[in-house]
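In: the following block contains a protein sequence and its predicted model.
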Amino acid sequence: MKRGFVRRVGLVVVLAAALTGTGACTVADPSDGSAGDTGAGRAATRADLAALRAAERSTDRADSARVESTTTMGTLMSMTADGTLSWGDGLTGTLTLTCTGGTLADTMRRLGATSMEARYLPDAYYARMGDTFAEQADGKHWIRYAYDDLEDLAGGSGAYLGERMRSTTPNQSVQLLLASGDVREVGEEVVRGERTTHYSGTVDVADLATRDSGLGESRLADLRKQLTGAGVTTETVDLWVNDRNLLVKKVEKSRTATGQLTQTAYYSDYGVRVSVEKPPADDTGDFEELLREHGTTLDGGAS
């Protein structure tokens, strides 16, 4: 096996998994008709802020949902995700990830498939690769990424990716908007047949607000750490909340060193039962061990 092959494929796959989970630093798709115009709407009232705080609590307590999302990141990737996720006790669930463009799609085509199954478990993330990859990875179709091992990935940015996959939940987008101190109510809109209220705002990472957000200093520090870990300084957040105080849709946008990061996500079937199992052990290779066996390590050096 070529030394850099597994590492190169592994890096883009784990990045895709981190960005297509329940939250990301992302942007609205103008073709959807919902690109957030942060200049629109009126300043939020205390009632609006109370409604958002209720949405944050209700979405968090729901514990699980069906997630559909589209994500783009500069020229690196364009990807869709569809599946169910639970966040009641760490992030768990299964998503089908489909690469639709970018260099990641080119890499996946060379592996013989542009879709893969992603399983999120409390200790690790698993990706189901194609037969072409298995031929170069000792016959293993599944790659296991232990979250703790990701700390050494990609010059230290893996710690951020691992934390994203372990702790990101849908209500985090609501927390971000509350912390922005720049909340506006855009108005009532129908999203996939549901009546919702559309809220919008811009998050300045250096100026996250405690006033009116209902978030403590510890939670604000966690949000600030995650955003700065991704190289984000400002981010636009648009949320659509239904009359049950549940997040129905979110779009986020930001610009990072690798280009504009874009995501639109829809949430439905809150409280759905989520069941996920570890892949067969005899068909699973640990990413770090695969690299070590073939002469390289997570930090890119020779073993």
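Out: That came through fine. Numbering: from 1, shown residues only.

In: where along the stretch 51-200 of the chain do the strands fall?
Out: 64-73, 77-86, 92-101, 115-120, 124-128, 142-146, 184-191, 194-204 (DSSP state E, counting those that start in this stretch).

In: quick one: which of these is nearest residue 178?
Out: Residue 178 sits nearest to strand 194-204 of all the strands of the stretch 51-200 of the chain, at 8.7 Å, using Cβ to Cβ. Glycine gets a C-beta too; all of them are placed from N, C-alpha and C.

In: which helices and strands sit right next to that closest one?
Out: helix 46-62, helix 171-180, strand 184-191, strand 234-242, strand 247-256 (3 or more Cβ pairs under 8 Å, 6 or more residues apart in numbering; DSSP states H and E).

In: what residues of the last one count as buried?
Out: Neighbour-count burial for strand 247-256, counted by 16 or more other Cβ atoms under 10 Å, picks out 247-255.

In: looking at those, which is nearest residue 106?
Out: Lowest distance from residue 106 to the buried residues of strand 247-256 (Cβ to Cβ) belongs to residue 255, with 23.1 Å.

In: partners of the closest one in the sheet?
Out: Counting by DSSP bridges, residue 255 forms beta bridges with residue 260.

In: of all the buried residues of strand 247-256, the one with the weakest confidence?
Out: In terms of pLDDT, residue 255 ranks lowest among the buried residues of strand 247-256, with 71.

In: related to what we said a few turns ago, nearest to residue 266, of the buried residues of strand 247-256?
Out: Nearest member of the buried residues of strand 247-256 to residue 266, counting by Cβ to Cβ, is residue 249, at 5.2 Å.

In: residue 235 and residue 252 touch, don't they?
Out: Yes. Contact criterion Cβ atoms under 8 Å: residue 235 and residue 252 qualify, at 5.9 Å.

In: residues in contact with the nearest residue to residue 270 once chain neighbours are set aside?
Out: Leaving aside its sequence neighbours, residue 270 sits nearest to residue 62 (Cβ to Cβ, 6 or more residues apart in numbering; 4.0 Å). Contacts for residue 62 (Cβ atoms under 8 Å, 6 or more residues apart in numbering) come out as 246, 270-271.
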